[in-house]
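>>> need a 3D model of the following:
(chains A and B)
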Amino acid sequence: MVRPGYIINRMAVFLVLCGVALGAERFPPPEFVETNHQLPPINQITDVTPRSDIYEYIDVGVLLAALGLSSYLVLRKRSRRAIFILMVFSLLYFGFWRKGCICSIGAIQNITLSIFDPDYAIPITAAAFFLLPLVFTLFFGRTFCAAVCPLGAIQDIVLLRPVSVPKWLENMLRLFAYVYLGAAVLFAATGSAFVICRYDPFISFFRLSGSLNMLILGACFLVVGVFIGRPYCRFFCPYGVILRQFSRFSKRRVTITPDECIQCGLCEDSCPFGAIREPTAEWPVGYYEKSKKRLAYLIILVPVLAFLCGWMGFAVRPVMSRMHERVRLAERIYLEDTGKVQDVTDASTAFRATGQQTKELYAEASKIRDEFGLGGWLVGGFIGLVIGLKLIGLTVRRQRVDYEADRAGCLACGRCFEYCPQERLRLKNAKEIIGES
Amino acid sequence: MEKDTERKQDRRELLAGALRYVTFGLLAAVGGSVFVKRRRLVREGKCVNRGLCGDCEIFQECGLEQALSVRKALAGADNGRRQ
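From the prediction side, this is the model:
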């Protein structure tokens, strides 16, 4: 039973953080209207303080140590309390101390840009933050999500009154993460924007500053997170999409019980993420034949869905390409030149001052639009494929005799360990053995 | 029946293992290629940090225009403070 005072206390902490963060907006830099004084540019330069190499390597070292420790705590120690402590440390270090940057989720964009832009060199830290959790997931499951990711940690801490999400709704909401991943890769590949960083809902809390919109978004996620376990991780995290697929064939995985499952079902009730699968009943008569037919229809449907979604991705290219500043500028210049707008913007004035031909700008914008067209086909096709495969996944029934953690969906939080009677028995026996010796 | 289930499970494990090591190889290839690319760009004398000297690991040794300019400005700011 969680006391109301406890909830109010937690909420108060976040409201205080909001207050601090809003300070940046409440006190903007002063404007010297009467004297027309401009703030000297030297102020911006002196803010540039190079970060020593050693700190970068320390960050990678801390990440590596945290991943190793998390894997040990989840798979060997099986201690929820220890996982929670490590989670708090990760939140403080990677979240509040490192100010949430660089994070593994945002590093997707650095990797993408590094692949598509011949002149972009990815920082070593970004590459390490992207690759290391993936390697650990391949061998130990989602232990990064369990206790290392600061975004997961901040949501896990506020989860006080978990309610279960219906399976159909969960399956549908999860599609957002695929769309988000596709869009993030497309925008990064075209050099338009790093949308994951721009719309990171928790960065304002970590930096204690940020725009009001992002603060409200972050607060909404945290309020929803009080009832629904880790909503960002489950329904929006683009890195989670990759981790889900990798953990499907991880070498080791979370096992709910250390011994034989007694099928009490307590673990299923304890999981706030709906990641525990119950034992399946015997297949009804005729089910196998029916499902075979359904599967055949769906296999035919997959390429159709991929094509339709790909076409939709292609169709929205004019809207998506506006995320690129050159396309926006070209459209603005066109409107000004044709007299459709009378005023000018800073960007258009700056462009005209360079003396560059508008034709060159239009050609550049057209090339970017074409890139978005191809990217739209690919991203749309990918989303269509995901929808199709998801439908196939729902049709194919795998038989289970015991309660099992879903390999893809399990965030390795360790809550189920605490509830399992067999685990309690094991711990009691272990204590007795230690006491005897 | 039990043998059949075991065989299925073995096949699944084998497939998962193969996928795991193929993916691991791919990740290693991605990691290696971005590292090689970074070294090549540094050798070619290109800015590896898009002119954002603040977070650049090789800022102190960098001989590019942008870095020289920032270093000069920082030195100027220090002199200003001393006066």
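>>> let's verify A:Gly409: helix, strand, or coil?
coil (DSSP: H, G, I helix; E, B strand; the rest coil).
>>> then A:Lys99?
coil.
>>> residues touching it, list them.
Going by Cβ atoms under 8 Å, 6 or more residues apart in numbering or on different chains, A:Lys99 touches A:203, A:206-207. C-beta: built from backbone N, CA, C; applies to glycine.
>>> make it 6 Å
Taking Cβ atoms under 6 Å, 6 or more residues apart in numbering or on different chains, we find A:Lys99 in contact with A:206-207.
>>> sketch out the low-pLDDT regions of the chain for me.
Went with chain A since none was named. Chain A contains residues with pLDDT under 70 at A:1-53, A:437.
>>> my bad, chain B
Applying pLDDT under 70 to chain B flags the ranges B:1-3, B:50, B:55, B:77-83.
>>> what residues does it put near chain A?
By the rule Cβ under 6 Å from any Cβ of the partner chain, the part of chain B lying against chain A is B:16, B:19-20, B:24, B:27, B:31, B:34, B:38, B:41, B:48, B:53-55, B:57, B:59, B:73, B:77.
>>> which of those residues are buried?
Those of these that meet the buried threshold are B:20, B:27, B:31, B:34, B:38, B:41, B:48, B:53, B:55, B:57, B:59, B:73, by 16 or more other Cβ atoms under 10 Å in any protein chain shown.
>>> can you classify the last one as helix, strand or coil?
Reduced to three states with three-state DSSP, the structure at B:Ala73 is helix.
>>> biggest helix in chain B by residues?
helix B:2-43 (DSSP state H).
>>> for the helix or strand where A:Gly393 lies, name the packing helices and strands.
Taking DSSP states H and E as the criterion, A:Gly393 maps to helix A:358-395. Under the contact criterion of 3 or more Cβ pairs under 6 Å, 6 or more residues apart in numbering or on different chains; DSSP states H and E, helix A:358-395 touches helix A:175-189, helix A:287-315, helix A:317-321, helix A:325-337.
>>> quick one: contacts of the next helix or strand after that helix?
Per DSSP H and E, the first helix or strand lying C-terminal to helix A:358-395 is strand A:404-405. Outside strand A:404-405, the residues within contact range by Cβ under 6 Å, 6+ apart are A:254, A:256, A:275-277.
>>> wait, isn't A:Arg78 in contact with A:Cys416?
No - in this structure, A:Arg78 is not within contact of A:Cys416 by Cβ atoms under 6 Å, at 9.8 Å.
>>> quick one: contacts for A:Ala281?
A:Ala281 neighbours (Cβ under 6 Å, 6+ apart): none.
>>> measure it to chain B for me?
Distance, A:Ala281 to chain B, using Cβ to the nearest Cβ, to the nearest Å: 17 Å.
>>> hang on, that residue in a strand?
No - with three-state DSSP as the criterion, A:Ala281 is coil rather than part of a strand.
>>> so where do the helices sit in the stretch 151-300 of chain A?
Ranges of helices within the stretch 151-300 of chain A are A:167-173, A:175-189, A:195-198, A:203-207, A:212-227, A:231-235, A:238-248, A:266-270, A:287-315, based on DSSP state H, counting those that start in this stretch.
>>> CSV for those helices, including distance to chain B and mean neighbour count?
Compiled in CSV, these are given as follows (distance: least, Cβ to the nearest Cβ, whole Å; neighbours: other Cβ atoms under 10 Å in any protein chain shown):
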stretch, distance to chain B, mean neighbour count
helix A:167-173, 23, 13
helix A:175-189, 13, 21
helix A:195-198, 14, 19
helix A:203-207, 15, 23
helix A:212-227, 21, 17
helix A:231-235, 21, 22
helix A:238-248, 7, 22
helix A:266-270, 22, 18
helix A:287-315, 15, 15
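>>> which one of the ones you listed lies closest to A:Val62?
Nearest to A:Val62 among those is helix A:203-207; the distance by Cβ to Cβ comes to 15.8 Å.
>>> which residues are in contact with that closest one?
Residues contacting helix A:203-207 (Cβ under 6 Å, 6+ apart): A:17, A:21, A:95-96, A:99-100, A:210, A:214-215, A:218.
>>> now, among those, which is nearest to chain B?
Using Cβ to the nearest Cβ, A:Lys99 comes nearest to chain B of those, at 12.1 Å.
>>> determine the three-state secondary structure at the nearest residue to A:Ile124 once chain neighbours are set aside.
Nearest non-adjacent residue to A:Ile124, counting by Cβ to Cβ, 6 or more residues apart in numbering or on different chains: A:Glu56, 6.6 Å away. Following three-state DSSP, A:Glu56 is assigned to helix.
>>> still on that earlier bit, tell me the buried residues in the helix holding A:Gly393?
Buried residues in helix A:358-395 (16+ other Cβ under 10 Å): A:361, A:364-365, A:368-369, A:371-373, A:375-388, A:390-391.
>>> ok, how many other residues are close to the closest residue to A:Ser164 other than its chain neighbours?
Distances taken as Cβ to Cβ, 6+ apart put A:Gly274 closest to A:Ser164, at 5.8 Å, once the chain neighbours are dropped. By other Cβ atoms under 10 Å in any protein chain shown, the residues close to A:Gly274 number 19.
>>> quick one on the thing from earlier: I'd like the buried ones among the residues of chain B next to chain A as a markdown table, with distance to A:Ala296 appended.
A markdown table is the format used below for those (distance: Cβ to Cβ, whole Å):
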| residue | distance to A:Ala296 |
| --- | --- |
| B:Arg20 | 30 |
| B:Leu27 | 35 |
| B:Gly31 | 41 |
| B:Val34 | 42 |
| B:Arg38 | 49 |
| B:Leu41 | 51 |
| B:Val48 | 52 |
| B:Cys53 | 60 |
| B:Asp55 | 54 |
| B:Glu57 | 55 |
| B:Phe59 | 60 |
| B:Ala73 | 68 |
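>>> need the max-distance pair from the contacts of helix A:203-207.
Across these, no pair lies farther apart than A:Phe96 and A:Met214, at 16.5 Å, counting by Cβ to Cβ.
>>> how close does the nearest residue to A:Leu385 once chain neighbours are set aside sit to A:Val379?
In space, and not counting its chain neighbours, A:Leu385 is closest to A:Ala306: 4.8 Å by Cβ to Cβ, 6+ apart. According to Cβ to Cβ, to the nearest Å, A:Ala306 stands 11 Å off from A:Val379.
>>> again with A:Ser321
From A:Ser321 to A:Val379 the distance is 13 Å (Cβ to Cβ).
>>> ok, A:Tyr232 next?
Distance of A:Tyr232 to A:Val379, computed by Cβ to Cβ: 21 Å.
>>> check A:Met320 too.
Per Cβ to Cβ, A:Met320 is found 9 Å from A:Val379.
>>> in the stretch 51-200 of chain A, what residue lies closest to chain B?
A:Ala121 (3.8 Å).
>>> for that residue, which three-state class applies?
When classified by three-state DSSP, A:Ala121 comes out as coil.
>>> skipping its backbone neighbours, what lies nearest the residue most central in space within chain A in space?
The residue lying closest to the centre of chain A (Cα atoms, centre = their mean) is A:Cys237, at 2.3 Å. Of all residues not flanking A:Cys237 in the chain, A:Ala177 sits nearest, at 5.8 Å (Cβ to Cβ, 6+ apart).
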